[in-house]
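**Q** My questions concern the predicted model and sequence given below.
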Amino acid sequence: MTAYVARRLSLLIPTLLFITMAVFLSVRFVPGGVIDQMVTQMGATGETDAIDRVRLQNALGPDAVEVR
């Protein structure tokens, strides 16, 4: 029984690592972003003033590390 529990616990770490990486990559590399989705739901079509307004309302600034 302890071997079974140890085997199941040892599989937990790679599973959590895989899920974490999959969620991170799907959020990071999906086109657009959270702000674009919020602006679209508001009915605006990507206007820069609407995007800036949503950023200010939600206290969202640029990323800490900008990817070029």
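**A** All right, it came through fine.
**Q** if I look at the closest residue in space to residue 42 that isn't next to it in sequence, how far off is residue 32?
**A** In space, and not counting its chain neighbours, residue 42 is closest to residue 50: 6.7 Å by C-beta to C-beta, 6 or more residues apart in numbering. Where you see a C-beta, it was placed from the backbone N, CA and C, and this is true even at glycine. Distance, residue 50 to residue 32, using C-beta to C-beta, to the nearest Å: 14 Å.
**Q** element containing the residue nearest to residue 42?
**A** Element membership for residue 50, per DSSP states H and E: helix 48-57.
**Q** and what of residue 7?
**A** Assigned by DSSP H and E, residue 7 belongs to helix 2-29.
**Q** domains in the chain, as residue ranges please.
**A** The record's domain parsing of the chain by automatic domain parsing lists 1-30, 31-62.
**Q** Show me the residue at the heart of this protein, geometrically.
**A** Central residue of the chain (C-alpha atoms, centre = their mean): residue 27, 3.4 Å from the mean position.
**Q** Now do the helix holding residue 7, average pLDDT.
**A** Mean pLDDT, computed over helix 2-29, is 93.
**Q** now that helix, how far from the chain's geometric center?
**A** Helix 2-29 sits 18 Å away from the centroid of its parent chain (C-alpha atoms, centre = their mean, to the nearest Å).
**Q** and the next element down the chain from it?
**A** On the C-terminal side of helix 2-29, the nearest following helix or strand under DSSP H and E is helix 34-42.
**Q** Now do that following helix: which elements does it pack against?
**A** Here helix 34-42 touches helix 48-57, going by 3 or more C-beta pairs under 8 Å, 6 or more residues apart in numbering; DSSP states H and E.
**Q** residues of the helix it packs on that come out buried?
**A** 50, 51, 54 (16 or more other C-beta atoms under 10 Å).
**Q** next one: it to chain centre, how far?
**A** Its chain's average C-alpha position is 19 Å from that of helix 48-57, according to C-alpha atoms, centre = their mean.
**Q** Next: stretch 37-48.
**A** Counting by C-alpha atoms, centre = their mean, stretch 37-48 is centred 19 Å from the centre of its parent chain.
**Q** ends of that stretch, how far apart?
**A** Terminal residues of stretch 37-48 lie 14 Å apart, using C-alpha to C-alpha, to the nearest Å.
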